[in-house]
Every structure is written in structure tokens, then in C-alpha cells.
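K.L.:
need a 3D model of the sequence below.
(one chain, ligands or ions: 2)
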Amino acid sequence: MTANPPAGAGTTIITVAPTGAEAEKARHPALPVTLEELVTAGRDCEAAGASVIHVHIRDDEARPSLDLVRLKDTVQALRESTTLVVQLSTGGAVTDDYADRLAVLDSAPDACSLTCGTVNFGDEVFMNPWPFIRELYALSKERHVVPEFELFDLGHVATLHRLLDELGPPHGGHVHCDLVMGVPGGMRGDAATLVRAVEALPAGSTWSATGIGRATLPVIFAALSAGGHLRVGMEDTTSYARGRPVASNAELVQRAAALAEVAQRPPMRPYQARAFLGVGNHR
Ligand code: KMH
Ligand code: ZN
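P.N.:
Ligands and ions are numbered 1, 2, ... in the order given. Presented below is the predicted three-dimensional model:
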């Protein structure tokens, strides 16, 4: 007798990362920075095929923020207006301190990002020392928040193994990773690197991949051909094609959804993604 296939098998989770902490609103007017813009983007992206939203928020001046009141309002507003899995960033901006990044979980999201190591980040450094990773992971388990392990480099995969060995499986019981590829300072965004990273992942884990900037399309094609899921959005690229700015997050999701359809792994619906990722229904 064969085991039941996991929920959503044969389909593709499309995560949208609509805002990030780096792109400037003044240079990219389509970037959603207010709560209203974020909710509209979430709705449009869900209609286009997204099932998870990776959220960074901004303040009134469109600067990156980890303000707890805003984070709580954001979680609530996205839950009221969409059925997307709400994954808050605990990475924030490179300038955010560890205490504020841990406090993100006080806003009780469905899920959170959890980066498994420090990485050069252009001219900056995105700091994730082991004690912080361990504390954030322990907190995610205590608060029943499902982590998505962000892996910018192969060393981060080794740290993920160490984390699981020392602290056991995440809340929800399922290990889901995101390979963040093409950051200047992290692993390259190409098929050979993706295959090597996937081979190193813990047995039984699932993964999506994100290509930054010009790595966007190669990583989408490599991920689909290797059986992975996708993350797209203006956090990761502000160009749709050479010389053509992104008009909206939804168009990046539409393109990813169309390619997933061609690969005969159509977009997973949000309710399926909840079951697949082990996220409870907070609605
Ligand atoms: N903004 C980057 C420094 C995450 O969201 O967890 C970190 C980042 C990763 O975007
Ligand atoms: Zn992020």
C-alpha cells in the first residue's frame, strides 16, 4: 500500500515577497509600502496564484520598520483581506538589532523567515550568528510559528542541520526552506548551484528558490525543473525584463504561475499550502 501523497503534491507554492527592506519607494513607485498598498498587492497576488506572502513593513517615510503595532495591524489586515499564509520577515533590514527581530514573533504571524547564517549582502553584512539563530528557532517553536529556513549559502545548510539536530523539528513538523540565490556575497543564482544546495538539504524537507535581480528567471526555471517551489516579488527584483521596470508584484506572480502551469505543477492554493507547510488555520 502506498502512503497518501502530501497535501498539494504536484503543485507549486508561489510565495510573493512584495516589498523587502532595500528597494526605495522614490525609485520604484509600484513598491507597496503602506498597509493599503500591501493589502491590495496581497489580494492581487493571491488572485494571480500566490499562496504565501513574505512581509516586510515600512514606516510613514517608507523606511523599513519592525514597529510591533504596525506588524500586528499588518497581520490582521492581511488575514481579513486574503487567505494567504502570512510569513513575517525576521531578517528585517541589515541595520535592525536582534531584540527587534525576535520581537517580530510577538505579532503572532502564521510563519516567519529564519536565516541560517551570516552573509555578505552587497556592501553590507546581514548578521545571523549561531546564538541568535538558535534563540529565534526556539522562540518560533514556543510561539507555534512555522519557520521558513532562508539559505543564502551552502554553509547555511550545514547550520540548518545543526539546528535540527540540536533542537528537533520545527512547529508544524515539516522543514521547508528557501534558497536565496544571487545576492552579491551569497551563492550564485544558477542551475548547478541550485542542484548542489538541494542535494545538501535535510531528508524529507521541501524547498523554494528565489533568484535576486538578473538571477530571477534562471532560478525559476532551475527550481521548476528540480521539483521546487518559487518565491518572486519586488523584494527580489525590480526589473521585469532588461530595461523594463516591474509594474506590480502581481505580474511577477502571474509569470511564475504561468511557468508553473507549463511545468504541469500549477499553483498551490493557500489552504493547501497551510496543510503542506504545517501552518494552522488562524482565520
Ligand atoms: N533584508 C535582508 C537584510 C528575511 O526577510 O528574512 C534580509 C531579508 C531576509 O530580507
Ligand atoms: Zn525578506
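K.L.:
now Cys45: how far from Ala77?
P.N.:
15 Å (CB to CB, to the nearest Å). Every C-beta, even on glycine, is put in place using the N, C-alpha and C of the backbone.
K.L.:
okay, those two: which has more neighbours?
P.N.:
Cys45 (31 against 16; other CB atoms under 10 Å).
K.L.:
surely the more buried one meets Val253?
P.N.:
Yes - with contact defined as CB atoms under 8 Å, Cys45 reaches Val253; the gap is 4.6 Å.
K.L.:
now for those two: what residues contact both?
P.N.:
By CB atoms under 8 Å, 6 or more residues apart in numbering, Cys45 and Val253 have these common neighbours: Val16, Gly233.
K.L.:
stretch 165-181: which residues count as buried?
P.N.:
Pro170, His171, Gly172, His174, Val175, His176, Cys177, Asp178, Leu179, Val180, Met181 (16 or more other CB atoms under 10 Å).
K.L.:
let's see which of these end up in helices.
P.N.:
Among the buried residues of stretch 165-181, no member falls in helices (DSSP state H).
K.L.:
in strands, which of those appear?
P.N.:
His176, Cys177, Asp178, Leu179, Val180, Met181 (DSSP state E).
K.L.:
reformat these as JSON lines; add distance to Val33 and pLDDT.
P.N.:
Shown next, in JSON lines, are these (distance: CB to CB, whole Å; pLDDT from 0 to 100):
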{"residue": "His176", "distance to Val33": "27", "pLDDT": "98"}
{"residue": "Cys177", "distance to Val33": "28", "pLDDT": "98"}
{"residue": "Asp178", "distance to Val33": "23", "pLDDT": "98"}
{"residue": "Leu179", "distance to Val33": "27", "pLDDT": "98"}
{"residue": "Val180", "distance to Val33": "22", "pLDDT": "98"}
{"residue": "Met181", "distance to Val33": "25", "pLDDT": "98"}
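K.L.:
and the host helix or strand of Arg134, average pLDDT?
P.N.:
Taking DSSP states H and E as the criterion, Arg134 maps to helix 130-142. Summarised as a single mean, pLDDT over helix 130-142 is 98.
K.L.:
and Pro129, how many residues sit next to it?
P.N.:
10.
K.L.:
phi and psi next, for it.
P.N.:
Main-chain dihedrals, Pro129, degrees, to the nearest 10: phi -70, psi 160.
K.L.:
contacts only, for it.
P.N.:
Taking CB under 8 Å, 6+ apart, one finds Thr118 in contact with Pro129.
K.L.:
for the residue in the chain positioned nearest to ligand 1, helix, strand, or coil?
P.N.:
Here the chain gets closest to ligand 1 at one residue, Gly91, 2.5 Å apart by CB to the nearest ligand atom. With DSSP: H, G, I helix; E, B strand; the rest coil as the basis, Gly91 sits in coil.
K.L.:
what's the local residue count around it?
P.N.:
There are 24 residues near Gly91, going by other CB under 10 Å.
K.L.:
tell me how far it lies from Thr115.
P.N.:
When Gly91 is compared with Thr115 (using CB to CB), they lie 5 Å apart.
K.L.:
what's the overlap in contacts for those two?
P.N.:
Counting by CB under 8 Å, 6+ apart, the shared contacts of Gly91 and Thr115 are Phe126, Asn128, Glu150.
K.L.:
neighbour-wise, which one of these leads?
P.N.:
In terms of neighbours by other CB under 10 Å, these top out with Glu150 at 25 neighbours.
K.L.:
check which helix or strand that residue maps to.
P.N.:
strand 146-151.
K.L.:
same question for Asp44.
P.N.:
Per DSSP H and E, Asp44 falls inside helix 35-48.
K.L.:
check Gln272 too.
P.N.:
Counting by DSSP H and E, Gln272 is found in helix 270-277.
K.L.:
could I get the buried residue list for that helix?
P.N.:
Result for helix 270-277 [16+ other CB under 10 Å]: buried residues Pro270, Gln272, Ala273, Arg274, Phe276, Leu277.
K.L.:
need the strands for the stretch 151-283 of the chain, in chain order.
P.N.:
176-181, 206-211, 229-232, 239-241, 244-245 (DSSP state E, counting those that start in this stretch).
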